[in-house]
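[1] quick one, structure for this:
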Amino acid sequence: MAKRLNLLIVLTLTALLSCQGFAYGNSDTITPLPVGEIAPGVYAHQAPVTAMNAASGGDIANIGFIVGDDAVAIIDTGGALIIGERLKKAIEAVTHKPIRYVINTHEHPDHIFGNAAFVGPGVTFVGHKNLPRAMAERGPSYLATWRRVMTPDLVNGIKLVPPTLLVSTDKDAKLDLGHRVLDLHAWPPMHTDCDVTIFDEKTATLFTGDLVFLQHVPVVDGSVIGWLKAMPELAKIPAKRVVPGHGTIDVDWPQALAAEQTYLTRLTKDLRGFIARGADINVAAKDAAKSEASKWQLFGVYNPRNAIAGYAELEWQ
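    Numbers count the residues shown, from 1 in each chain. Take a look at the predicted model:
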């Protein structure tokens, strides 16, 4: 199992990174990250659906922030320090209220590598109770791979900043920004084993992190069975709109779950068939969920990795 875990980490990094040659200017030329106000006081950045590589500039994950009467909460910070700095510029263009919380939805580098831009007095980093462990175990590997593949501009200044305010799976956390309460829910293993969702009670806006993918094929790094099992509970959140981890933002809920559920169901069914027939894991990686290929971007990059992860999980049932 340890060998397979290491293989999955390598496969995740390989899928995220491929390409070279991208550079930014110095801090004096940093431009604000484009954001839109999708509900009163709720801002989101829709990143391109693309693989994480030097050409992407570290910008592949949807991120955002919420402004209360007293303070600001940030949801994820992007895949490079420069993305975090550009997000900070975008916040400054909207409000001068202090940033009180930085919430990381899980440990993947495209969501946390901009954290260092927000380290400072009065800022609390928030995440799943498992996130510190996940960052400690995987963060050094992520950073080492970034240094090999990305340009220095996209690596310099990145720091692993773990949360100090932790959300447990048995009790939601409430963050008050001043007449604006955010409900944070920590989930059992799904996309990863440290996923958190953020629900803005005032506008019924839900930030799902990578528990919801649109256009971008879902990535299984936790439990495909756990993901499918928890979907009914996820769908019950009384949201009016959702910001997924990847793909189109401000979409209807819970309809946004439909395509992802279909994909994960097909992947699971195909893998069970391969396992029952005694098929090799490499065959499963090539052919599982192949009927879904035309419906998703980056299918050839991530689906083989999903099949390997799912095969390793399901063969022990």
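[2] next helix or strand past the helix or strand bottoming out on mean pLDDT in the chain?
    Ranked by mean pLDDT, DSSP states H and E, the weakest helix or strand in the chain is helix 2-16, scoring a mean of 43. As assigned by DSSP states H and E, the chain's next helix or strand after helix 2-16 is strand 36-39.
[3] buried stuff in that following strand?
    Ile38, Ala39 (16 or more other C-beta atoms under 10 Å). Just so you know, the C-beta spots here come from the backbone N, C-alpha and C atoms, and that holds for glycine as well.
[4] counting by contacts, list what that strand packs against.
    Where contact means 3 or more C-beta pairs under 8 Å, 6 or more residues apart in numbering; DSSP states H and E, strand 36-39 is packed against strand 42-45, strand 241-246.
[5] quick one: distance of that strand to the chain centre.
    Distance, stretch centre to chain centre, for strand 36-39: 20 Å (C-alpha atoms, centre = their mean, to the nearest Å).
[6] show me the contacts for Lys171.
    For Lys171, the contact set (C-beta atoms under 8 Å, 6 or more residues apart in numbering) is empty.
[7] ditto for the one 4 residues further on
    For Leu175, the contact set (C-beta under 8 Å, 6+ apart) comprises Ala73, Arg100, Tyr101, Ile103, Val126, Val181, Leu182, Leu184.
[8] same question for Arg272.
    Neighbouring residues of Arg272 by C-beta under 8 Å, 6+ apart: Leu314.
[9] and with 6 Å instead?
    For Arg272, the contact set (C-beta atoms under 6 Å, 6 or more residues apart in numbering) is empty.
[10] same thing with Cys194?
    By C-beta under 6 Å, 6+ apart, the residues touching Cys194 are His106, Glu107, His128, Asn130, Leu131, Ala134.
[11] mind checking which of the residues you listed are in helices?
    With DSSP state H as the criterion, helices contain Leu131, Ala134 from among the contacts of Cys194.
[12] and of the contacts of Cys194, the nearest to Gly68?
    Checking those against Gly68 by C-beta to C-beta gives His128 as the nearest, at 22.4 Å.
[13] and what about the nearest residue to the closest one once chain neighbours are set aside, helix, strand or coil?
    Nearest residue to His128, sequence neighbours excluded (C-beta to C-beta, 6 or more residues apart in numbering): Cys194, at 3.8 Å. With DSSP: H, G, I helix; E, B strand; the rest coil as the basis, Cys194 sits in coil.
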